[in-house]
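J.: here's my sequence, what's the structure:
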Amino acid sequence: MSATTPQLSSAVHMFTQLLSSTRRGARLARLLAAEQLRPWPVSPGVTERAEQIVAELAANAALHCRVGSRDFRLTLILDTAADLLRIAVTDARGERLPSPPADCGTPLDAESGRGLLLVTALADRWGFELYPPGGKTVWAECACETTDPDTHSGRL
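T.: The predicted model follows:
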């Protein structure tokens, strides 16, 4: 019996980067995501949503998940065949799972604590998965109509 290894189609774009669990690392995650998405065949509206989602997920990783000098990983995957952009942030704090926004109980006058509310509003769906040996990945997905690369870059 022969098994075939699934291959990523040429319609998949992927970016991954390890960043420090600091405010600076969170800011860099957003800047890198914006720069990476620019040449990809994604509409400006989806790019803006993705930048904000990255900012919130990376800020959460930097704020809540610092353990010694451990880092967090940002991953962006665009599957043009499925018209789907997946944003994932992986950190080392699997015991600190995100709470659904309805359960967060953030006071109206609080200056923080609404990150997942924003992610819920901006993403088509989001969730988390445990990542061995003790971490977690928080992900968000945005449905998108990918653009023709020639049109996206302004070429005819």
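
J.: need the helix or strand of the protein with the lowest average pLDDT.
T.: Least confident element among the helices and strands of the chain, by mean pLDDT, DSSP states H and E: helix 149-152 (a mean of 50).

J.: give the bridge partners for the residue nearest in space to the middle of the chain, please.
T.: Taking C-alpha atoms, centre = their mean, the centroid of the chain lies closest to residue 87, which sits 2.5 Å from it. Residue 87 has these beta-bridge partners by DSSP bridges: residue 76, residue 140.

J.: pretty sure it is touching residue 139, no?
T.: Yes: with contact defined as C-beta atoms under 8 Å, residue 87 and residue 139 form a contacting pair (6.5 Å). In this view, the C-beta of every residue, glycine as well, is placed from N, C-alpha and C.

J.: any idea which helix or strand carries residue 54?
T.: In the assignment (DSSP states H and E), residue 54 maps to helix 44-64.

J.: list the buried residues for that helix?
T.: Across helix 44-64, burial judged by 16 or more other C-beta atoms under 10 Å covers 46-47, 49-62.
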